[in-house]
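Trainee: Got a predicted model here, sequence first, then my questions.
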Amino acid sequence: MACNRLPALSTAALALATAIIVGGPAAQAQIVRSEAHDFRVVRLVEGLEHPWGLAFLPDGRMLVTERPGRLRMVGKDRKLDAEPVGGLPAITPHGQGGLMDVAIHPRFAENSLVYISYAARGEGGVSTEVARGRLSGRRLEDVQVLFRQLPKSGGGRHFGSRLVFDRAGFLYITLGDRGEMERAQKPDDHAGSVIRLHDDGRVPQDNPFVGRPGWKPEKFTLGNRNIQGAAPHPQTGLLWTHEHGPQGGDEINVIRAGVNYGWPVITYGVQYVIGTQIGEGTHKTGMAQPLHYWVPSIAPSGMAFYTGDRFPHWRGDLFVGALRDQMLVRLKLDGEKVVAEERMLKGTLGRIRDVRNGPDGLLYLLTDDPRGVLARLEPTG
């Protein structure tokens, strides 16, 4: 197990990268010197309202979600379409929730299916739901709700939510505990878990709790606090996630069937304001230890393994966005162990909400702001 006290990538590791503002009207670029590569931060789109999730279409366009409930299209020319994508289901912006992640089907080129996660109202309050629709022009058609987090509740916190397809085509949905921590340990409650479904919403019969009385069969894990980052490992195919801790204790975990990740029984965080212990401490038999954790918190959101060729010294590294300190964190890995950490862009771009590995071998970032930015990291020279 690792924590935030790690060996440096070099003598300057964990020091912040140096940013140089480049002048000029099209100068939406910053030159950054980091441990392994110098790179430009290019602002592709500005003026997005609290953007949350990003998906790349095969033809070079991009879909970006805005938390108030709009799905936006960015053209091949990197210009934002004036009109949002139509046909979305009813979305309820509520506290931290709204329109969150977006993903495309692994066979999108054949079926044009787009998946979104969002907060929606129903009996008992609001919760995370997932729907899919067929993208036709700039509209979703034949929209179906595939999943509803139950029970719904009135709180405005901890909706999750990321959407990830694995190599076998299963859909993973990450959920938060909705700010009601005890729910993360309840077998008959979706809150505080990772959900695993077929692409059409059916429950896989090899899910770990299928057939077990009193358990929600959609659940793949339990004991997760609020997962806002998820990505498949490029070699093993296993789903890696990170989740917010309370005051400290943000975690990275490798997701495995039926595992209890401990929240709120064990955590490396403490109660807000008063700083007292939560649960039973940091360890308990039968509950998994995080692969990595941060004390103090960085408020992670969005994550991606870098697999491109444009930054060869980053290949295989894990990148995590951070809302706190407005930074991008690079983690050097040795198998399932974090061996070094570098913090970049602190305070220069904004609260980083999402991180994506682009099909062009570049890294893309979204910032959480009323006038949020879609930015791209490009190599210099």
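Mentor: Cool, the structure landed. Numbers count the residues shown, from 1 in each chain.
Trainee: Need the distance between the two termini of stretch 57-74.
Mentor: Start-to-end span of stretch 57-74 (Cα to Cα, to the nearest Å) is 10 Å.
Trainee: Can you get me the start-to-end distance on stretch 160-177?
Mentor: The stretch stretch 160-177 measures 8 Å between its terminal residues, going by Cα to Cα.
Trainee: now it, how far from the chain's geometric center?
Mentor: Between the mean C-alpha point of stretch 160-177 and the mean C-alpha point of its chain there is a distance of 10 Å (Cα atoms, centre = their mean, to the nearest Å).
Trainee: At which residues are the strands of the stretch 1-150 of the chain located?
Mentor: Assigned strands in the stretch 1-150 of the chain, in chain order: 18-21, 29-33, 38-48, 51-56, 62-66, 70-74, 99-104, 113-122, 125-136, 139-148 (criterion: DSSP state E, counting those that start in this stretch).
Trainee: Show me what the longest one is packed against.
Mentor: Packed against strand 125-136, as judged by 3 or more Cβ pairs under 8 Å, 6 or more residues apart in numbering; DSSP states H and E, are the following elements: strand 113-122, strand 139-148, strand 171-174. Using the backbone N, CA and C atoms, a C-beta is placed for each residue, glycine as well.
Trainee: Out of these, which one sits most buried?
Mentor: strand 171-174 (a mean of 26; mean count of other Cβ atoms under 10 Å).
Trainee: Show me what that strand packs onto, helices and strands only.
Mentor: Packed against strand 171-174 by the contact rule (3+ Cβ pairs under 8 Å, 6+ apart) you find strand 125-136, strand 163-165, strand 194-197, strand 227-232.
Trainee: what's the spacing between residue 316 and residue 71?
Mentor: As for residue 316, its distance to residue 71 is 32 Å (criterion: Cβ to Cβ, to the nearest Å).
Trainee: How about residue 45?
Mentor: To residue 71, residue 45 is 14 Å away according to Cβ to Cβ.
Trainee: Between those two, which has more neighbouring residues?
Mentor: Taking residue 45 and residue 71 together and counting by other Cβ atoms under 10 Å, residue 71 has the greater number of neighbours (26 against 20).
Trainee: returning to that earlier point: pipe the strands of the stretch 1-150 of the chain into JSON lines and attach distance to residue 229 and mean pLDDT per row.
Mentor: Below are these laid out as JSON lines (distance: least, Cβ to Cβ, whole Å; pLDDT from 0 to 100):
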{"stretch": "strand 18-21", "distance to residue 229": "23", "mean pLDDT": "37"}
{"stretch": "strand 29-33", "distance to residue 229": "22", "mean pLDDT": "86"}
{"stretch": "strand 38-48", "distance to residue 229": "19", "mean pLDDT": "96"}
{"stretch": "strand 51-56", "distance to residue 229": "11", "mean pLDDT": "98"}
{"stretch": "strand 62-66", "distance to residue 229": "15", "mean pLDDT": "98"}
{"stretch": "strand 70-74", "distance to residue 229": "20", "mean pLDDT": "98"}
{"stretch": "strand 99-104", "distance to residue 229": "10", "mean pLDDT": "98"}
{"stretch": "strand 113-122", "distance to residue 229": "13", "mean pLDDT": "98"}
{"stretch": "strand 125-136", "distance to residue 229": "15", "mean pLDDT": "98"}
{"stretch": "strand 139-148", "distance to residue 229": "19", "mean pLDDT": "98"}
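Trainee: Out of these, which is closest to residue 353?
Mentor: strand 51-56 (5.9 Å; Cβ to Cβ).
Trainee: Hmm, residue 150 is touching residue 127, no?
Mentor: Yes: using Cβ atoms under 8 Å, residue 150 and residue 127 qualify as a contacting pair, with a distance of 6.8 Å.
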